[in-house]
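1. model this:
(one chain, ligands or ions: 1)
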Amino acid sequence: MAFLFPQKVLFKHCDPAGIVFYPRYFEMINDCVEAFFDQVLDDPFEVLLRSAGIPTAEIQTRFHAPSRHGDALVLTLTGNRVGRKSFTLDIEATCGDELRFRARSTLVYTDANGQSQPWSHALKSKLDAFTGAPL
Ligand SMILES: CC(C)(COP(=O)(O)OP(=O)(O)OC[C@H]1O[C@@H](n2cnc3c(N)ncnc32)[C@H](O)[C@@H]1OP(=O)(O)O)[C@@H](O)C(=O)NCCC(=O)NCCSC(=O)c1cc(O)c2ccccc2c1O
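-> Next up, the predicted model:
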């Protein structure tokens with residue numbers, strides 16, 4: 001399955017050269033992941049993060065083409081691997097037919113003290129179903 005997250009490029013995303021500055025892409029990625037937890041996993045961050053954490057352990061990104069103010073990006077999130085304590089996801093950002101960036105990110109489920117923990121059964125089941133992992 002895939003989760004689609006539209007993101008228009010705004011003035012605040014752009015550097016003086018008129019292209020998106022890469023930390024703003026990382027914020028878009030996090031916004032996409034937050035919407036995914038809310039809309040697909042039905043576990044919004046404002047609830048989940050009261051008792052847990054989901055820090056990013058690793059993120060790899062390749063920037064293929066610059067984005068400019070007004071571009072209509074679409075971030076497409078797919079599941080890559082659901083582990084006992086982690087979830088690796090892929091995000092591809094496009095504008096029309098043009099690829100802008102690809103990222104692979106691993107989130108780790110933690111308790112409120114930042115210690116890694118196994119996913120709850122409910123969350124793991126939803127992540128498995130989304131990722132298409134064998135049940
Ligand atoms: C991330 C850590 C808590 C991991 O701790 P530790 O190394 O002790 O974990 P384990 O050895 O038990 O492994 C658990 C699990 O993680 C996988 N893993 C660990 N490291 C990596 C890695 N580098 N790449 C890929 N996978 C990794 C390991 O394979 C295990 O997976 P299984 O599924 O197989 O069990 C700890 O390392 C840590 O705290 N790191 C620092 C994190 C950090 O500071 N990140 C950057 C800033 S925080 C951040 O970006 C962020 C914060 C939030 O509050 C968020 C909230 C909500 C959404 C996103 C957030 C967010 O992105």
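2. could you point out the longest helix in the chain?
-> With DSSP state H setting the assignment, residue counts place helix 22-39 as the longest helix in the chain.
3. Run the chain-centre distance for that helix.
-> Between the centre of helix 22-39 and the centre of its chain there are 5 Å (Cα atoms, centre = their mean, to the nearest Å).
4. Over to stretch 64-71?
-> Its chain's average C-alpha position is 19 Å from that of stretch 64-71, according to Cα atoms, centre = their mean.
5. quick one: buried residues of it?
-> 67, 71 (16 or more other Cβ atoms under 10 Å). Glycine gets a C-beta too; all of them are placed from N, C-alpha and C.
6. and that stretch, what's its mean pLDDT?
-> For stretch 64-71, the mean pLDDT works out to 98.
7. following the longest helix of the chain, which helix or strand comes up?
-> helix 45-48 (DSSP states H and E).
8. May I ask you to confirm that residue 126 belongs to a helix?
-> Yes. Residue 126 forms part of a helix when assessed by DSSP: H, G, I helix; E, B strand; the rest coil.
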